[in-house]
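J.: Pasting a predicted model and its sequence here:
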Amino acid sequence: MKIILTIITVFTFSFLDAQVWNGNVTINNSNDITTYLSGYSEIIGDVTISPFFSTTSNILKVNGLKKLTGSLLIKDNQNITRIDLGSLELVGAFLVVSNNSNLTTIELGNLNTIKNSIEISKNPLLQSFNSKDLSFIKQGINISNNGALSQINLLGVQNLPSR
């Protein structure tokens, strides 16, 4: 009887840790980061980082979110200087980082799967694009028009479609 109670208790705590948000999300500020990118382990939908997104550090850091079933869109932002996808492991559609005029660094963190494609384009100050765990990109990768880009590390990628 004691063993069964222990198993049920462990299952209950594991279930409570899995917070799921159902719907699209727009991130505007640090409060939204805390609510969605840190407060949920899964988002069923797309996440868009607003062109007006701003924090005191101008760093976009994902710390808690592990699974995004839709796309992650970071476009047309003048404030973001660094993107760190930290805890995020899966993007279910597209990862787009485009036209961010002050962005210098992209760190993919724990991201290992992108079920569609990556587009990194028109980020004039982007210097480095790094991934330690990315191994699967279903549709391909487009890195273009990033004039200052001098470091790309995608050594773990094992699956890229042939063209």
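T.: Yes, it's here. Numbers count the residues shown, from 1 in each chain.
J.: Please name the residues that touch the most centrally placed residue in the chain.
T.: With distances taken as CA atoms, centre = their mean, Leu85 lies nearest the centre of the chain, 4.3 Å away. The contact partners of Leu85, taken as CB atoms under 8 Å, 6 or more residues apart in numbering, are Val62, Leu72, Glu107, Leu108, Gly109, Asn110, Leu111. (C-beta placed from N, C-alpha, C; glycine too.)
J.: Helices along this structure, start to end?
T.: 2-17, 30-32 (DSSP state H).
J.: neighbours of the closest residue to Asn146 other than its chain neighbours, just the number please.
T.: Leaving out its chain neighbours, the residue that sits closest to Asn146 by CB to CB, 6 or more residues apart in numbering is Leu126, at 4.4 Å. Residues contacting Leu126 under the criterion other CB atoms under 10 Å number 25.
J.: what does Val25 give?
T.: Using other CB under 10 Å, Val25 has 19 other residues around it.
J.: do the same with Thr56
T.: Thr56, neighbours per other CB under 10 Å, totals 6.
J.: residues contacting the nearest residue to the residue nearest to the centre of the chain once chain neighbours are set aside?
T.: Among residues not flanking Leu85 along the chain, Gly109 sits closest, at 4.4 Å (CB to CB, 6+ apart). By CB under 8 Å, 6+ apart, the residues touching Gly109 are Val62, Asp84, Leu85, Gly86, Ser87, Leu88, Lys132, Asp133.
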